[in-house]
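[1] Sequence and computational prediction follow.
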Amino acid sequence: MKSLVSVDQTIKSAWLANTCDINVNVKIPREAEINKSVNLDCTWWLSSNNSSLYSVKWYKDEYEFYSYMPENDPDSRIKTHPVNGVNVDPKSSRMGSIRLLYLTLNSTGQYKCEVSTGAPFFATNYVKDNLTVIALPKQGPQITGLTQQYALGENVTANCTAWPSVPKAQLKWTINNKTVTYHDSYFHRCIRIVPRKLNSRE
């Protein structure tokens, strides 16, 4: 088997690798929303006219979950294997292009497309890229504890709470469009800001 040579180059969300006989290109979105669907595309070029495609395989975190073998009978050319977080839509998948349904947080990981040729060269090449599944908060942050008026010099205590999300929300307080610094506040479990003292100017 010939040695692998990878090209560390990214074009938007596409990665390209090549050997003397196989060029492989993948398009994988860097982020996708939970419960949605996503397409993973793998294309290849065989530089030698004497080379023939043997198989195209997809892996998640090095676990194979999809294979396409053109020399098999039509009913067995495409096979899927159970992998946590991966739900392949067989009706929308063809050769190296696959569609994943109902993404979960377990769908986050490194995906690899591996292309192999048959006789007489028996070469193999692959490309990897990462997919991150995000979960947006159900609604915006909520502020509690504030009243309409305060006396000059009076302490103000307020809470800002964000709904669960992946990745975790980063909260920031502003007063009159100016960010409250750590000298004015402290964080509690990364989801609340409780100002110690606010100075007002007439």
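    Right, received. Where do you want to start?
[2] In the chain, which residue is most central in space?
    Nearest residue to the geometric centre of the chain (CA atoms, centre = their mean): residue 132, 1.9 Å.
[3] Now do the contacts for that residue.
    Contacts for residue 132 (CB atoms under 8 Å, 6 or more residues apart in numbering) come out as 30, 31, 32, 108. (Each C-beta comes from the backbone N, C-alpha and C, glycine too.)
[4] Could you give the bridge partners of it?
    For residue 132, the beta-bridge partners under DSSP bridges are residue 31.
[5] Check residue 38 too.
    Each beta-bridge partner of residue 38 is listed here: residue 100, as defined by DSSP bridges.
[6] what's the distance between it and residue 136?
    Separation of residue 38 from residue 136 (CB to CB, to the nearest Å) stands at 15 Å.
[7] ok, now residue 53?
    Between residue 53 and residue 136 the computed distance is 40 Å (CB to CB).
[8] contacting residues for residue 34?
    For residue 34, the contact set (CB under 8 Å, 6+ apart) comprises 103, 104, 105, 133, 134, 135, 166.
[9] if you skip the residues just before and after it, what's nearest to it?
    Sequence neighbours aside, residue 135 is the residue nearest to residue 34 in space, at 4.5 Å (criterion: CB to CB, 6 or more residues apart in numbering).
[10] How many residues are close by residue 116?
    Neighbouring residues of residue 116 were enumerated by other CB atoms under 10 Å; the total is 19.
[11] Counting neighbours, what do you get for the closest residue to residue 103 other than its chain neighbours?
    Leaving aside its chain neighbours, residue 103 sits nearest to residue 133 (5.0 Å; criterion: CB to CB, 6+ apart). Residue 133: 21 surrounding residues under other CB under 10 Å.
[12] Under a three-state scheme, what state does residue 102 occupy?
    With DSSP: H, G, I helix; E, B strand; the rest coil as the basis, the three-state label of residue 102 is coil.
[13] Residue 139 and residue 163 touch, don't they?
    Yes: shown here, residue 139 and residue 163 form a contact pair, counting by CB atoms under 8 Å, at 6.0 Å.
[14] okay, the two: which has more neighbours?
    Neighbour count, other CB under 10 Å: between residue 139 and residue 163, residue 163 has more, with 14 against 8.
[15] Who are the contact partners of residue 109?
    Remark: with contacts taken as CB under 8 Å, 6+ apart, residue 109 is in contact with 60, 61, 85, 130, 131.
[16] If we use 6 Å, what do you get?
    Residue 109 makes contacts with 60, 61, as judged by CB atoms under 6 Å, 6 or more residues apart in numbering.
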